[in-house]
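# sequence first, then the predicted structure:
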Amino acid sequence: MTRWVILGLLLLLGLLQYRLWVGEGSIKELHALRAQIEEHRAELERLEARNLALAAEVEDLRTGVEAIEDRARSELGMIQRGEVFLQVIEKPEEEVGQ
């Protein structure tokens, strides 16, 4: 009788160990989830930094004239009255050597 009890307890222990190491909610799965959490935290920090930079840029565009002028110059190619626009056209390297 005690042999069957010991055998049953060993079988139960084996099943519990299997579930602990391999089954659903196992230690392996726990480590994988922790790694995913760290990846998500790093991504979140990167996105938060990007959001802060964009918010600062929006605020600068709302309050500062210089930022608007800079954008108009670089993105739209605009110039102010009284300024002189100079465009330098360089020859391609093939023609330069000739």
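Thanks, I have the structure now.
# and the top helix by length along the chain, what's its mean pLDDT?
Using DSSP state H, we find that the single longest helix of the chain is helix 27-63. Averaged over helix 27-63, pLDDT sits at 92.
# and the next element down the chain from that helix?
helix 65-76 (DSSP states H and E).
# could you say what helices and strands that next one packs with?
Applying 3 or more Cβ pairs under 8 Å, 6 or more residues apart in numbering; DSSP states H and E, we find helix 65-76 packed against helix 27-63. Bear in mind the C-beta positions are built from the backbone N, C-alpha and C, glycine included.
# what sits against the residue nearest the centre of the chain?
The residue lying closest to the centre of the chain (Cα atoms, centre = their mean) is E43, at 3.7 Å. By Cβ atoms under 8 Å, 6 or more residues apart in numbering, the contact set of E43 is empty.
# quick one: it from W4, how far?
54 Å (Cβ to Cβ, to the nearest Å).
# check S26 too.
Counting by Cβ to Cβ, the gap from S26 to W4 is 29 Å.
# between those two, which one's more packed in?
Taking neighbours as other Cβ atoms under 10 Å, S26 and W4 compare with S26 leading, 14 against 8.
# that one contacts L16, correct?
No - the pair S26 / L16 is not scored as a contact, 11.3 Å apart, by Cβ atoms under 8 Å.
# phi, psi of G25?
The phi/psi pair for G25 (degrees, to the nearest 10) reads phi 80, psi 20.
# tell me, how many residues neighbour it?
10.
# go on, the one 5 residues further on?
Other residues near L30 come to 10 when the count uses other Cβ under 10 Å.
# can you tell me which residues contact it?
Contacts for L30 (Cβ under 8 Å, 6+ apart) come out as none.
# ok, W21 next?
Contact analysis of W21 by Cβ under 8 Å, 6+ apart lists 27-28.
# could you do V22 as well?
Taking Cβ under 8 Å, 6+ apart, we find V22 in contact with K28.
# for K28, see how far away it is.
The spacing between V22 and K28, counted by Cβ to Cβ, is 7 Å.
# repeat for R46
Using Cβ to Cβ, one gets 28 Å for the distance from R46 to K28.
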